[in-house]
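A.B. asks: all I have is the shape, not the residue letters:
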């Protein structure tokens, strides 16, 4: 291949390629945020050019929007798109029930809104993100800036009564300043270690004053595409209960990844 990808990026590319095979002409798509989703946006733009597809795309962050426009995809505001056919996004963790932790890229609020306004959510990932129990990856919780310290104390108090291993909530930083989301909010990262009951925790966190949304995606993901460095992909569809395997060929990738 023209570009020598790392094993992790080969796996991400394979998953992205398989996921965009699910895209059909005329679809309205939600575009996720993060490093894996960026590979998908590139693969989607290539598919659009090769097949002459007419697509309408709703990005879940400013950086995804910038990349999609740069690559020639039609990007519209969420309110102009209406209901979406499919959202394709990455994940930070997923379990056997396709429950997810998202928000490592700070966009889980928009990602959850877009995903739940879609007929179908497809997650693309590599095998390292699969876990038996969620919680090793810090759980992001978006909070409004006003009174975030009080929100953190209330969250840590709540965690003491939850089925988790840790209770520490840390303010996400961007250098010496708090990280600011596209919506102008802060993020608290919860170091939990293990989440025994994700559904219960998600509902409880969203009752805390100041909390906007948490990074637990429960009963939202319909299918996961797992990529491997050798080009093998596994597509698990929780709706149909099927598992498919396929090999993606690494060829003619120069146009897609020339800016990587």
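C.D. replies: That came through, no problem. Everything numeric here is computed off the predicted structure, so don't read it as measured data.

A.B. asks: and the helices in the chain, which stretches?
C.D. replies: Ranges of helices in the chain, per DSSP state H, are 7-20, 35-51, 62-70, 78-81, 108-116, 148-159, 198-205, 254-257.

A.B. asks: tell me what the fifth one is packed against?
C.D. replies: Contacts of helix 108-116 with other secondary structure elements, assessed using 3 or more Cβ pairs under 8 Å, 6 or more residues apart in numbering; DSSP states H and E, are made with strand 86-89, strand 139-143, strand 211-214, strand 216-217. Placement of C-beta: from N, CA and C, glycine included.

A.B. asks: output these in CSV; the columns should cover mean pLDDT.
C.D. replies: Formatted as CSV, the helices and strands packed on helix 108-116 follow (pLDDT from 0 to 100):
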stretch, mean pLDDT
strand 86-89, 98
strand 139-143, 98
strand 211-214, 98
strand 216-217, 98
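
A.B. asks: relative to residue 12, which of these is closest?
C.D. replies: When the helices and strands packed on helix 108-116 are compared for distance to residue 12 using Cβ to Cβ, the nearest one is strand 86-89, at 12.4 Å.

A.B. asks: quick one: that closest one to chain centroid distance?
C.D. replies: With Cα atoms, centre = their mean, to the nearest Å as the basis, strand 86-89 stands 8 Å off its chain's centre.

A.B. asks: strand partners (parallel or antiparallel) of that strand?
C.D. replies: Here strand 86-89 is paired, per DSSP bridges, with strand 28-31 (parallel), strand 121-126 (parallel).

A.B. asks: about what we covered before: save the helices and strands packed on helix 108-116 as TSV, and put in distance to residue 199 and mean neighbour count too.
C.D. replies: Output for the helices and strands packed on helix 108-116, formatted as TSV (distance: least, Cβ to Cβ, whole Å; neighbours: other Cβ atoms under 10 Å):
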stretch	distance to residue 199	mean neighbour count
strand 86-89	20	28
strand 139-143	13	26
strand 211-214	12	22
strand 216-217	8	26
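
A.B. asks: give me the distance between the closest residue in space to residue 155 that isn't next to it in sequence and residue 24.
C.D. replies: Nearest non-adjacent residue to residue 155, counting by Cβ to Cβ, 6 or more residues apart in numbering: residue 169, 5.1 Å away. Using Cβ to Cβ, to the nearest Å, residue 169 is found at 42 Å from residue 24.

A.B. asks: re the thing from before, hang on, the residue nearest to residue 155 packs against residue 149?
C.D. replies: No: with contact defined as Cβ atoms under 8 Å, residue 169 and residue 149 do not form a contacting pair (10.3 Å).

A.B. asks: between these two, point out the one with more neighbours.
C.D. replies: Set side by side, residue 169 and residue 149 show more neighbours around residue 169, with 23 against 10, by other Cβ atoms under 10 Å.

A.B. asks: roughly how far does the more buried one sit from residue 57?
C.D. replies: Residue 169 sits 34 Å away from residue 57, going by Cβ to Cβ.

A.B. asks: what's the answer for residue 182, then?
C.D. replies: Per Cβ to Cβ, residue 182 is found 16 Å from residue 57.

A.B. asks: leaving out the residues flanking it, which one is nearest to residue 49?
C.D. replies: That would be residue 72: by Cβ to Cβ, 6+ apart, it lies 7.1 Å from residue 49.

A.B. asks: do I have it right that that neighbour meets residue 46?
C.D. replies: No: look at residue 72 against residue 46 with Cβ under 8 Å: they stay out of range, at 9.9 Å.

A.B. asks: what's stretch 17-29 in contact with?
C.D. replies: 40, 43-44, 47, 51, 53-58, 81-88, 122, 124, 225, 227, 233, 235, 246, 248 (Cβ atoms under 8 Å, 6 or more residues apart in numbering).

A.B. asks: 7 Å instead?
C.D. replies: 40, 43-44, 47, 53-57, 81, 84-88, 122, 124, 225, 233, 235, 246, 248 (Cβ atoms under 7 Å, 6 or more residues apart in numbering).

A.B. asks: related to what we said a few turns ago, now render the helices and strands packed on helix 108-116 as JSON lines, adding distance to residue 132.
C.D. replies: Shown next, in JSON lines, are the helices and strands packed on helix 108-116 (distance: least, Cβ to Cβ, whole Å):
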{"stretch": "strand 86-89", "distance to residue 132": "22"}
{"stretch": "strand 139-143", "distance to residue 132": "16"}
{"stretch": "strand 211-214", "distance to residue 132": "21"}
{"stretch": "strand 216-217", "distance to residue 132": "16"}
